[in-house]
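Undergrad: Predicted model and sequence below, questions to follow.
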Amino acid sequence: TRLQGDWSSDVCSSDLHAVALDSEAVFIDRMRTPISTGYVVCQVLIYGLTIWLLSRRTGDASLRVFRVLEAVALGVVALPVSTYLLGLVEQHALGPWWFTLALLVVDAAFVAIAWSVLRSPLDRLLGLSAVTVGVIFVDLAFGAPLQLNTVFSYSPIVAGRFAGLGNIAYSVLAATSLITAIVLVHRSRGGRRALAGAAVIFSLTVIFDGAPMLGSDVGGVIALVPGFVVAWFLLAGKRPDLKLVAGSVVAMIVVLGVFLAADLARPEESRTHLAQLFESVRDGGLGFLSDAIDRKVTTNLRVFRSTIWTYLVPPALALMAWLLLRPRGRWRQMANEHPRLRAGLIAGLILCVLGFAVNDSGIVVPATMLSFLAPMALLIHLSMAAREVA
């Protein structure tokens with residue numbers, strides 16, 4: 001009787017967990033579209049308003065406008081990590097309105113803490129980016145519980161992925177890791193320790209993103225390794241050439257080989273899609289690989305025509321171009337005064353292109369990255385303009 005009671009208790013507990021998981025998945029699936037749409041629409045409006053305000057304000061009014069725009073830019077940067085942290089609570093129990101309010105409160109709290117603790121706009125950006133990287137690293141180390149059923153993650157309803165790092169989270173991690181490294185190297189004026197720190201950040205990001213027992217993100221590795229290699233050399237003040245590009249591709253193949261070996265060494269039931277793809281190609285030939293590539297290209301084109309994220313890319317790029325080219329000579333001024341920041345922005349755009357090319361979420365990947373790069377360009381502009389006004 002006691003055994004039967006224990007068994008019944010376990011079944012009941014399992015059923016309750018399944019019901020809670022289903023409720024959470026349905027709720028987040030319902031909230032994902034309005035939150036993502038609001039995030040994109042707000043950015044488009046902010047970028048247009050930014051250009052209008054900065055083209056009109058002068059003197060003391062400019063300094064007040066600068067502070068408002070800085071807070072808004074930091075809020076854009078802090079939103080993704082806020083969505084992940086809300087995964088620590090039962091989100092469906094909050095309901096749509098309280099969930100949205102909680103998300104905004106967490107986001108505002110991040111901005112307020114960064115503002116009160118750190119002094120300069122770029123230091124605040126550094127703090128928020130580093131926190132985002134840290135949260136994703138810790139989450140992946142504990143089995144990625146915050147990557148399931150949060151707004152910028154994957155869902156069991158869609159069933160595209162059940163473990164590791166999704167494409168949006170990859171984009172968030174790639175962008176924030178890059179920004180963290182950029183600002184660190186900028187603050188040290190390209191010092192050796194900062195460059196070594198940037199190399200460590202890039203290496204850890206590749207490991208957490210691509211290792212089978214962590215992020216298991218093959219497309220991410222294909223983009224990150226050459227992207228980060230080029231980024232590091234740009235931050236070091238060196239001009240990339242064809243030898244560097246070829247070497248970065250070789251490095252990417254080596255890293256994939258190491259992750260594949262680690263994946264094949266695991267029990268068959270624990271292997272990820274990297275080992276499964278290798279075994280399918282080994283057994284079925286290169287035709288299976290070409291079919292997989294064809295499916296990714298087709299998915300990219302379909303996503304491009306159907307997602308709200310597509311509408312973020314042109315305004316974000318337009319804002320970056322306006323900020324960095326106005327007034328005339330600003331881009332060259334950055335090269336003289338802040339060469340690492342300029343190099344970092346170039347590296348970010350390269351990473352956007354690579355991420356778009358190799359991930360099946362297509363335009364969503366560069367759009368998400370631009371949600372960090374455009375605020376970074378704005379904060380750089382505000383920092384330079386504030387000194388000119390002062």
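TA: Sure, I can see it. Given the structure is predicted, the values throughout are model-derived calculations rather than measurements.

Undergrad: Distance of residue 188 relative to residue 91?
TA: Note on residue 188: its distance to residue 91, by Cβ to Cβ, to the nearest Å, is 40 Å. For every residue, glycine as well, the C-beta is placed using N, CA and C.

Undergrad: My error: substitute residue 143 in the last question.
TA: From residue 143 to residue 91 the distance is 19 Å (Cβ to Cβ).

Undergrad: residues near residue 238, how many?
TA: 12 (other Cβ atoms under 10 Å).

Undergrad: Just want the phi and psi numbers for it.
TA: phi -110, psi 140 (degrees, to the nearest 10).

Undergrad: Residue 366 too?
TA: Dihedral angles for residue 366 - degrees, to the nearest 10 - are phi -60, psi -30.

Undergrad: what's the host helix or strand of residue 64 packed up against?
TA: Assigned by DSSP states H and E, residue 64 belongs to helix 59-85. If you count contacts as 3 or more Cβ pairs under 8 Å, 6 or more residues apart in numbering; DSSP states H and E, helix 59-85 packs onto helix 2-54, helix 95-117, helix 121-141, helix 167-187, helix 364-389.

Undergrad: Does residue 266 touch residue 212 like I think?
TA: Yes: with contact defined as Cβ atoms under 8 Å, residue 266 counts as touching residue 212 (6.6 Å).

Undergrad: So the two - more neighbours on which side?
TA: Neighbour count, other Cβ under 10 Å: between residue 266 and residue 212, residue 212 has more, with 24 against 13.

Undergrad: Give me the common contacts of residue 266 and residue 212.
TA: Jointly contacting residue 266 and residue 212 under the rule Cβ atoms under 8 Å, 6 or more residues apart in numbering are residue 275.

Undergrad: more crowded one of residue 143 and residue 91?
TA: Counted by other Cβ under 10 Å, residue 143 and residue 91 do not tie: residue 91 has more neighbours, with 22 against 13.

Undergrad: Can you give me every residue that contacts the most centrally placed residue in the chain?
TA: Centrality entry for the chain: nearest residue to the mean C-alpha point is residue 172, 0.9 Å, by Cα atoms, centre = their mean. Residue 172 sits next to 80-81, 132, 136, 152, 368, 372 when contact means Cβ under 8 Å, 6+ apart.

Undergrad: Turn these into CSV, including neighbour count.
TA: Output for the contacts of residue 172, formatted as CSV (neighbours: other Cβ atoms under 10 Å):
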residue, neighbour count
80, 29
81, 24
132, 25
136, 27
152, 22
368, 27
372, 26
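
Undergrad: pLDDT-wise, what's the bottom of those?
TA: Among the contacts of residue 172, residue 152 carries the weakest pLDDT, at 89.
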